[in-house]
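Visitor: give me a 3D structure for the following:
(one chain, ligands or ions: 1)
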Amino acid sequence: MLSHRKISGASSLPPPPGPAGNPLLGNLVYVIGPLRNNPHRGLASLAETYGPILSLRLGLTRTLLVVSSATAAHEALSKNDGALAARLVPDNVCALSYGTTSMVFLPSSNQLWKQLRVVIGAGFSSARGLDVIRPILLRSCSGKPVNIREVVNGTVLNIISNVLFSEDVVDLSVQGTQMFKGLIVPVLEEWSKPSVCDAFPSFAPLEHFLGSRHRISTHLAKLYKFFDQGIIERRLASSKNHNDLLDVLLSRASDTSTVTVQWAMAQLLRHPEKMKKVTAELATQLGSSDFVMESDLNKLPYLQAVVKETLRLHPAVPLIPREVIADDVSLGGFDVPNGTGVVVNLWAIGRDKNRFLAGQKAHTVLGKLDFVYRPFGAGRRVCPGMEYTARSVPLLLASVLHKVEWRLPDGMAPEDMDHSDRYGTVLNLATPLRAVPVSPV
Ligand code: HEM
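Guide: Next up, the predicted model:
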């Protein structure tokens, strides 16, 4: 549940601008209405009217600040790192006490949070696990359409579970992926939606018995059972932190990487001349070698730029939710009281027309970008998978592309592809990407 802290005393600074709201509900109707689906787009268009720092009121007491420029994000996440080091905890993640035990939501002062960051940092800083990318190449160039997400996801889950538990979660030869996805998808879907309890905590008991909290508890219980009795039982049984690490595996690590590879493939299929350039780079640099190795990556600057550009246009985590936990905080010259929720809109920042002249056109500024737009966040809560992803996602993309020619199914033209997105726990393609792998001539 969103915490309701005491608002600090009067400030001489003005509050940020924002749309007028109902006296009782504030902007709540807007937040659980038009902003419920694709909030990254709705918030970006509000920023066009109200500027890079705007405020929304939820109910009588809760204020949400939306940050939509790189400068304001830097001020929020880096300069005010300590003051904004807490996560905004939405009501929906409180089911089965998830929000109070998950590393993603624990306060940064919590001992378990500190321990888990060390565990993850150590596990993901080594090259361990990356060799399981190879099975992607075991697929045949069948000439039949395949779902790119499914091609990549089983492998990603195995990379991550190998790093965390030294064991495969998904046996690629059986249908483990499907079973796993069937259990996790409903949880992720529910988590991504705002709840009326975010503004009115007193509704929580009702939600607990009838609403989304009840549904999430049921789904989560099934998922925990799957892991406790399932494929990785032996290993996890000896790990004291297994649910905490499991949470990282489920909610953060696997879908973010999969969806990034999927978006990169979508952009390349939509821009065949860029696809040609990236596959030519692979052919020149890797020659007859069957597998892409991590050591090959520094010979593939164009492919690396494709990944960066993908993260700019389609950040897997488009909104970063934080909460102010200190007094006397100001952002962009506005007063930001203790207890204010702050949402950094990475999607809007990556498409800032003043900064990226290319606007929404992908690949035209390839190579010139660095992570200035922060697709992994910043400060003490920066994504602990950042460095690992910088190695694993290019390696995954290279493995999908090397020695395979990908075509759109059913004679579809690149301009007919559906490029719209869908906000969930990660920013996904609204229409799953299907393509046909064939052996290159
Ligand atoms: C394309 C891949 C990924 C992207 C775009 C991404 C993005 C992000 C972003 C934007 C945040 C919020 C950071 C902030 O608040 O400043 C985050 C947090 C997090 N990420 Fe990632 N991530 C990716 C992959 C991974 C991987 C592979 C892991 C596995 C270790 C991971 C684990 C986490 C965790 C545990 C947090 C919460 C950290 C905390 O609150 O202390 N992520 N990620």
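
Visitor: wait, doesn't Leu183 sit right on Ala221?
Guide: No. Using CB atoms under 8 Å, Leu183 is not in contact with Ala221; the gap is 10.3 Å. For the C-beta atoms, the positions are set from N, CA and C on the backbone; glycine is no exception.

Visitor: and the two? Which one has more around it.
Guide: Leu183 (19 against 12; other CB atoms under 10 Å).

Visitor: could you find the closest non-adjacent residue to that one?
Guide: Excluding its sequence neighbours, the residue lying closest to Leu183 (CB to CB, 6 or more residues apart in numbering) is Leu223, at 4.7 Å.

Visitor: repeat for Ala73
Guide: Looking at Ala73 with CB to CB, 6+ apart, the closest residue is Val344, at 5.0 Å.

Visitor: that neighbour belongs to a strand, doesn't it?
Guide: Yes. According to DSSP: H, G, I helix; E, B strand; the rest coil, the state of Val344 is that of a strand.

Visitor: neighbours of it, just the number please.
Guide: By other CB under 10 Å, 26 other residues sit near Val344.

Visitor: partners of it in the sheet?
Guide: Judged by DSSP bridges, the bridge partners of Val344 are Val67, Ile320.

Visitor: pull the CA atoms of stretch 383-396 into PDB?
Guide: Provided in PDB are the C-alpha atoms of stretch 383-396 (Å, rounded to 0.1, in the frame of the first residue of the first chain):
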ATOM      1  CA  CYS A 383      19.300  -1.800 -11.900                       C
ATOM      2  CA  PRO A 384      21.700  -4.300 -10.500                       C
ATOM      3  CA  GLY A 385      21.400  -6.200 -13.800                       C
ATOM      4  CA  MET A 386      22.700  -3.300 -15.900                       C
ATOM      5  CA  GLU A 387      26.200  -4.500 -16.600                       C
ATOM      6  CA  TYR A 388      25.100  -8.000 -17.100                       C
ATOM      7  CA  THR A 389      22.400  -6.900 -19.600                       C
ATOM      8  CA  ALA A 390      24.900  -4.800 -21.500                       C
ATOM      9  CA  ARG A 391      26.700  -8.200 -22.200                       C
ATOM     10  CA  SER A 392      23.800 -10.700 -22.400                       C
ATOM     11  CA  VAL A 393      21.300  -8.800 -24.500                       C
ATOM     12  CA  PRO A 394      23.800  -8.100 -27.400                       C
ATOM     13  CA  LEU A 395      24.900 -11.700 -27.100                       C
ATOM     14  CA  LEU A 396      21.300 -12.900 -27.300                       C
END
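
Visitor: now do the buried residues in it.
Guide: Neighbour-count burial for stretch 383-396 flags Cys383, Pro384, Gly385, Tyr388, Thr389, Ala390, Ser392, Val393, Pro394, Leu395, Leu396 (criterion: 16 or more other CB atoms under 10 Å).

Visitor: stretch 299-316 now?
Guide: Buried-residue list, stretch 299-316, by 16+ other CB under 10 Å: 300, 302-316.

Visitor: which among those residues are in contact with the ligand?
Guide: Contacts with the ligand within the buried residues of stretch 299-316, counted by CB under 6 Å from any ligand atom: Leu311, Pro315, Ala316.

Visitor: stretch 396-410: which residues count as buried?
Guide: Within stretch 396-410, the residues scored as buried using 16+ other CB under 10 Å are Leu396, Leu397, Ala398, Ser399, Val400, Leu401, His402, Lys403, Val404, Trp406, Arg407, Leu408.

Visitor: now, which of the residues you listed sits nearest Lys274?
Guide: Lys274 lies nearest to Leu401 out of the buried residues of stretch 396-410, by CB to CB, at 11.4 Å.

Visitor: ok, that closest one - contacts?
Guide: Contacts for Leu401 were tallied using CB atoms under 8 Å, 6 or more residues apart in numbering; they are Leu268, Val278, Thr279, Leu282, Leu303.

Visitor: which single one of these is nearest to the ligand?
Guide: Leu303 (15.0 Å; CB to the nearest ligand atom).

Visitor: quick revisit: out of the buried residues of stretch 396-410, flag the one nearest to the ligand.
Guide: The nearest member of these to the ligand, counting by CB to the nearest ligand atom, is Leu396 at 10.1 Å.

Visitor: hmm, that closest one is touching Ser257, no?
Guide: Yes. Leu396 is in contact with Ser257 according to CB under 8 Å; the separation is 6.7 Å.

Visitor: what parts of the stretch 251-400 of the chain come near the ligand?
Guide: Neighbours of the ligand within the stretch 251-400 of the chain, by CB under 6 Å from any ligand atom: 252-253, 256-257, 260, 311, 315-317, 320, 375-379, 381-385, 388-389, 393.
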